[in-house]
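>>> Fold the following and give me the result.
(2 chains)
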Protein chains: 2
Amino acid sequence: MTPYFLGIDGGGTSCRAALADGSGTVIGRGRSGASNILTDPDTALKHIVEASELAFQEAGISPQLTSTFAILGLAGNNVGDAVNYVKARLPFAGADIVSDGMIALQGAIGDEDGTIGIVGTGTVYILRHKGRLRSIAGWGFHVSDLGSGARLGQMALQECLLAYDRIHPMTGLSQTILAEFGGRPETVVEFARLAKPGEFGRYTPRVFEFAGRGDEVALRILKTGAVGIDEALDAVEAITGGNGKLCLLGGLAPLYPPFLAERHRLRLSDPLADALTGAVALALKTYGAAVEVEA
Amino acid sequence: MTPYFLGIDGGGTSCRAALADGSGTVIGRGRSGASNILTDPDTALKHIVEASELAFQEAGISPQLTSTFAILGLAGNNVGDAVNYVKARLPFAGADIVSDGMIALQGAIGDEDGTIGIVGTGTVYILRHKGRLRSIAGWGFHVSDLGSGARLGQMALQECLLAYDRIHPMTGLSQTILAEFGGRPETVVEFARLAKPGEFGRYTPRVFEFAGRGDEVALRILKTGAVGIDEALDAVEAITGGNGKLCLLGGLAPLYPPFLAERHRLRLSDPLADALTGAVALALKTYGAAVEVEA
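Down below sits the predicted model:
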């Protein structure tokens, strides 16, 4: 029976799978719906299986999950109960659930030492130093995630109100966002009171857009955000000694570099591959040798 | 029938009443429980009546609410439905519900032009300029209230996590607060995810305490908070032209001045009287002349 190796990259909106043969060549891919093991583990399981079977289909092979070894990178992997529940119900020959950050790190920097900074709705820094993995920051919107899309968006809304009260200047950014709320500060407040991090983050593309045109308030917001990222990267580099690759990933990764300190900007490089590729590589690394010995 | 004048200062924790005769002399005071007209209007009504009757008792007069004219300063006064509900059920000869800020302004600066900055769990600035009232900032914790107790407390928790990750120094402040959470950043995050503004504000006295000892992180937090207040006061003074009294009220009022810009610090003066006294004065101002004419 030929062994197959599967990488899964699952999150709140979708679940992607990549299937490789014993040589590590990707032979098929599949995609299905949300796979949040915390909020809905049964649906997550269903979508994991669905994405895996689609990957087999694309490879032109009938699904053979029981001879497949998988690494699943899933958000929420640090909550033991959810992980145990899902792990016990996976149909694979062998499988492990790791963090979404870990497969992203493997994809971006491969087997070497190095660091990824994920700058999206949240911010978190994951590094491998002398073979040991560490995570820095990333404690969430309320008291962490400095420089994240959610925090930048929140600052943009705050600036609308400061401009309304003539505490800060009413620039194009504040005017545009305030207009979306009908020019009513009460509506901004009502929205912000219940907004989830991702909803604050919706205003962040505007911040970069207006900063590009020299908008004073947008530039101030990005300066604050960039300081948050620069300081976290300083803490990272104090550990790594500035060795290894340094990659930014996530939705804001292409936008942030011009605003970061030169000492970090000059260190940045492109990721080698994406998180899904990292998951496939980890599946081969974890199970490949054992399978070979058995064979 | 002798007319009486009553001031009420009501909020989320208590309801205070002061009773005056036609000359404006306070002859009795009363205090009862919470009077939040938004969350529990019926209990608020009960406590308003209770505090009023206690004020009559202290004056040695049997309660005569139907010949009493009252001004009630209540938080939540800007929500029409709640105000109408409570107003329709008040037992007084005449009564109006105004903001807690308006009675505080009246108490602090009397009938002249001037400004109060209420710096407590939230922050809001209320000014009377050429007789016209205005309110600045005070849009709440999520996207406003810069420099407030809630925001300072939130920053203190944020600093704990930054120190834990060695992004910022671990000073006495961060160490003390982190220790209260068992040294576990996860516990800080769990708390912050659900904390109400007042719960964040519980950590704020520590910030001032450690700042007094030169704690670097505490001083940085207060510097950020003070900029928020200084900028709001600049917007206030742009309207007033720097004329009239400028008073700070609220829990942080005694603590903040050393950290504020000199241009504001030198302008500060003590309030003439408290909010309850302001409510009594407004009751006399609003209803005194009319009652005299009738008599």
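>>> alpha carbons only for contacts and neighbour counts from here, please
OK.
>>> how about stretch A:231-245 against chain B, any contact?
Yes: between stretch A:231-245 and chain B, judged by Cα under 8 Å from any Cα of the partner chain, the touching residues are A:231-232, A:234-235.
>>> Of these - the most surrounded one?
Looking at the residues of stretch A:231-245 next to chain B with neighbours defined as other Cα atoms under 10 Å in any protein chain shown, the largest count falls to A:Ala232 at 25 neighbours.
>>> Not counting residues beside it along the chain, what's closest to that residue?
Once flanking residues are discounted, A:Ala232 sits nearest to B:Ile167: 5.5 Å by Cα to Cα, 6 or more residues apart in numbering or on different chains.
>>> check contacts around the one you found.
With Cα atoms under 8 Å, 6 or more residues apart in numbering or on different chains as the criterion, the residues that contact B:Ile167 are A:231-232, A:234-235.
>>> One more: A:Gly251?
Contact analysis of A:Gly251 by Cα under 8 Å, 6+ apart lists A:119-121.
>>> Flag every residue of chain A that's near chain B.
Near chain B, the residues belonging to chain A are A:136-137, A:139-140, A:142-144, A:154-155, A:157-158, A:161-162, A:165-168, A:186, A:189, A:192-193, A:231-232, A:234-235 when assessed by Cα under 8 Å from any Cα.
>>> coming back round to it: any idea of the pLDDT on the residue nearest to A:Ala232?
pLDDT, the model's per-residue confidence, is 98 for B:Ile167.
>>> Give me the pLDDT value at A:Val79.
At A:Val79 the predicted local confidence, pLDDT, stands at 64.
>>> Sketch out the low-pLDDT regions of chain A for me.
Low-confidence segments of chain A, defined by pLDDT under 70, span residues A:76-80, A:292-295.
>>> residue ranges of the helices in it, please?
For chain A, the helices identified by DSSP state H occupy A:41-59, A:80-88, A:100-109, A:149-164, A:172-180, A:185-194, A:197-201, A:204-212, A:216-240, A:262-265, A:275-294, in order along the chain.
>>> export the ones you listed to JSON lines and tack on distance to A:Ser67?
Compiled in JSON lines, the helices of chain A are given as follows (distance: least, Cα to Cα, whole Å):
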{"stretch": "helix A:41-59", "distance to A:Ser67": "12"}
{"stretch": "helix A:80-88", "distance to A:Ser67": "16"}
{"stretch": "helix A:100-109", "distance to A:Ser67": "22"}
{"stretch": "helix A:149-164", "distance to A:Ser67": "41"}
{"stretch": "helix A:172-180", "distance to A:Ser67": "53"}
{"stretch": "helix A:185-194", "distance to A:Ser67": "46"}
{"stretch": "helix A:197-201", "distance to A:Ser67": "38"}
{"stretch": "helix A:204-212", "distance to A:Ser67": "44"}
{"stretch": "helix A:216-240", "distance to A:Ser67": "39"}
{"stretch": "helix A:262-265", "distance to A:Ser67": "44"}
{"stretch": "helix A:275-294", "distance to A:Ser67": "10"}
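>>> Skipping its backbone neighbours, what lies nearest A:Gly278 in space?
By the measure of Cα to Cα, 6+ apart, the closest residue to A:Gly278 outside its immediate chain neighbours is A:Gly107, 3.6 Å from it.
>>> repeat for A:Thr224
With Cα to Cα, 6+ apart, the residue lying closest to A:Thr224 is A:Gly147, at 7.2 Å.
>>> give me the number of residues near the one you found?
For A:Gly147, the tally of surrounding residues (other Cα under 10 Å) stands at 27.
>>> how much space is there between it and chain B?
Separation of A:Gly147 from chain B (Cα to the nearest Cα, to the nearest Å): 13 Å.
>>> Confirm for me that that residue is in contact with A:Lys223.
No: applying Cα atoms under 8 Å as the test, A:Gly147 and A:Lys223 come out as separate, 9.1 Å apart.
>>> returning to that earlier point: quick one: contacts for the residue nearest to A:Thr224?
Counting by Cα under 8 Å, 6+ apart, A:Gly147 touches A:119, A:123, A:222, A:224-229.
>>> Brilliant, that's me finished.
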